[in-house]
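1. Attaching a predicted model along with its sequence, questions to come.
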Amino acid sequence: EEKFERPDGWGQSYSKKMDNFDPKMMKERIKFLGSFDSQPPVLNLPEVAFVGRSNIGKSSLLNSLTGSKEAVTGKTPGRTRRVNLFAVKESPTKVLVMADLPGFGYAKLSKQGEKGIEDLLTSYFQDRQDLKLVVLLVDARLKPQESDMAAMDMLLGLQIPFVVVATKVDRMGKNEMDTCLARYEQDIELDEGQLIAYSSQTGEGKKFLWRCIKQGLFGGEEDSEDSEEEEDEDV
């Protein structure tokens with residue numbers, strides 16, 4: 001079988017976990033590729049990034065989506081300070097990359113640290129050519145935060161497709177959740193139903209978010225193997 005060639009730009013950042021990485025030979029469901037404090041390596045694979053305020057539940061959502069515990073979760077907000085890359089075997093023929101981005105808006109972070117995260121995110125969004133979709137995580141129990149709105153404005157300005165996901169909805173009753181989601185959609189001028197409700201605990205929203213990711217990264221492609229795997233994920 002044809003050997004995987006490391007694309008141009010691989011040497012910009014380095015991780016020992018990437019020494020023998022070949023997406024064509026990948027057997028595991030998910031593989032942690034490394035943590036980077038500058039522009040990550042170019043992988044020539046479709047990429048989806050997850051971003052949001054600190055303690056919004058990015059790592060828990062990643063683990064829920066992939067059925068793994070590869071993304072490290074912690075009780076300390078602002079723990080993720082680098083771009084963490086994961087290769088995910090979405091189907092027997094498709095490998096994608098998930099990027100767990102640093103959380104923003106952590107009040108206890110120094111101004112220098114906050115500026116560093118802001119610069120890293122800006123550089124990533126501006127320069128990441130394989131980035132096909134951004135998943136912006138928000139807390140629908142609160143009014144839209146200034147930092148969330150700034151992130152949306154940046155993505156719109158750069159013409160990067162994104163979806164907005166409300167996390168931790170299991171902490172609300174159904175009536176409260178419906179009210180909060182409707183209010184949030186109105187506040188940020190989303191059409192009804194565009195805000196995705198997600199729970200890492202119950203799996204609510206998992207199948208729909210996967211469909212959004214697959215559509216964003218692979219377009220209209222969907223074979224029978226993909227459909228079967230998507231059904232299995234909710235079992």
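-> Perfect, I can see it now.

2. Quick check: which ranges of the protein have low pLDDT?
-> 1-20, 71-81, 105-113, 220-235 (pLDDT under 70).

3. Sketch out the helices for it, chain order is fine.
-> Along the chain, counting by DSSP state H, helices occupy 58-66, 111-127, 146-157, 174-187, 206-218, 224-233.

4. List the buried residues in stretch 136-148.
-> Using 16 or more other CB atoms under 10 Å as the burial criterion, the residues of stretch 136-148 that qualify are 136, 137, 138, 139, 140, 141, 144, 148. Quick note: C-beta positions are derived from backbone N, CA and C, even for glycine.

5. Kindly reformat these as CSV containing distance to residue 191.
-> Formatted as CSV, the buried residues of stretch 136-148 follow (distance: CB to CB, whole Å):
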residue, distance to residue 191
136, 16
137, 19
138, 16
139, 20
140, 15
141, 21
144, 16
148, 18
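
6. Going by distance to residue 127, which of these wins?
-> In terms of CB to CB, no member of those lies closer to residue 127 than residue 136, at 18.8 Å.

7. List the beta-bridge partners for the residue nearest the centre of the chain.
-> The C-alpha lying nearest the average C-alpha coordinate of the chain belongs to residue 50 (CA atoms, centre = their mean; 2.3 Å). Note on residue 50: beta-bridge partners by DSSP bridges are residue 100, residue 135.

8. Of the helices of the chain, which is nearest residue 165?
-> helix 206-218 (6.5 Å).

9. which parts of the closest one are buried?
-> 206, 209, 210, 212, 213, 214, 215, 216, 217, 218.

10. relative to helix 58-66, how tilted is it?
-> Inter-element angle recorded for helix 206-218 and helix 58-66: 90 degrees (by axes from the mean of the first three to the mean of the last three CA atoms, to 10 degrees).

11. Could I get the CA-only coordinates of helix 206-218 as CSV?
-> Output in CSV follows, covering the C-alpha atoms of helix 206-218 (Å, rounded to 0.1, in the frame of the first residue of the first chain):
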residue,chain,number,x,y,z
LYS,A,206,-24.8,13.7,19.6
LYS,A,207,-26.2,12.2,16.4
PHE,A,208,-27.3,15.6,15.0
LEU,A,209,-23.9,17.2,15.7
TRP,A,210,-22.1,14.3,14.1
ARG,A,211,-24.3,14.9,11.0
CYS,A,212,-23.3,18.6,11.0
ILE,A,213,-19.7,17.7,11.3
LYS,A,214,-19.8,15.1,8.5
GLN,A,215,-21.7,17.5,6.2
GLY,A,216,-19.2,20.3,6.9
LEU,A,217,-16.1,18.1,6.4
PHE,A,218,-17.2,15.7,3.7
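
12. what's around residue 191, how many residues?
-> By other CB atoms under 10 Å, the residues close to residue 191 number 7.

13. tell me the contacts of it?
-> residue 185 (CB atoms under 8 Å, 6 or more residues apart in numbering).

14. same thing but at 7 Å, please
-> Neighbouring residues of residue 191 by CB atoms under 7 Å, 6 or more residues apart in numbering: there are none.

15. With residue 202 as the reference, measure out to it.
-> Between residue 191 and residue 202 the computed distance is 25 Å (CB to CB, to the nearest Å).

16. do residue 168 as well
-> Counting by CB to CB - residue 168 and residue 202 are separated by 11 Å.

17. Next: residue 185.
-> In terms of CB to CB, residue 185 sits 21 Å off from residue 202.
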